[in-house]
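**Q** One predicted model, sequence on top.
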Amino acid sequence: QVQLVESGGGLVQTGGSLRLSCAASGRTFRSAAMGWFRQAPGKEREFVGAIMGSGGYTYYGDSVKGRFTISRDNAKNMVYLQMNSLKSEDTAIYYCAASPKYSNILGEYDYWGQGTQVTVSS
């Protein structure tokens, strides 16, 4: 089992940067693929990106590609989401999640954090 706690959300201006962190606990963390998803008011939860257990591969949703970067530090049981060039449409609650599969499919993630709010204002 994996427990996840996100932090680092807040209010940022358009064009700014923010780094989200996800602290994980549980023996299976190092083998789990980790994903970031987000959900804006009135919208479905959207895939942001994912990173393999080894950290060797990442991939991203089209809306964030080239602006967001996922990394992980398995020694510290941490996953990060660096967000640059933020836009108002990036405003959402951001969730980290763990899966046995390297996937962009929400239903394949078994464990979820409580989420952290990111608000981008102009």
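**A** Looks like it arrived, so ask away. Numbers count the residues shown, from 1 in each chain.
**Q** Okay, and the closest residue in space to residue 94 that isn't next to it in sequence sits in which element?
**A** Nearest residue to residue 94, sequence neighbours excluded (C-beta to C-beta, 6 or more residues apart in numbering): residue 38, at 4.8 Å. Where C-beta positions appear, they are placed from N, C-alpha and C, glycine not excepted. Residue 38 is part of strand 33-39, with elements assigned from DSSP states H and E.
**Q** Need the residue closest to the centroid of the chain.
**A** residue 36 (2.5 Å; C-alpha atoms, centre = their mean).
**Q** In contact with that one: list those residues for me.
**A** Residues in contact with residue 36, defined by C-beta atoms under 8 Å, 6 or more residues apart in numbering, are 20, 22, 48-50, 68, 70, 79, 81, 94-97.
**Q** Narrow the residues you listed to those in strands?
**A** In this view, the contacts of residue 36 that belong to strands under DSSP state E are 20, 22, 48-50, 68, 70, 79, 81, 94-97.
**Q** which of those lies closest to residue 115?
**A** Relative to residue 115, the closest of those is residue 95; by C-beta to C-beta it sits at 4.7 Å.
**Q** Can you give me every residue that contacts the residue nearest to residue 71 when sequence neighbours are not counted?
**A** With sequence-adjacent residues excluded and distances taken as C-beta to C-beta, 6+ apart, residue 71 is closest to residue 80, at 4.9 Å. For residue 80, the contacting residues are 19-22, 70-73, by C-beta under 8 Å, 6+ apart.
**Q** No more questions from me, cheers.
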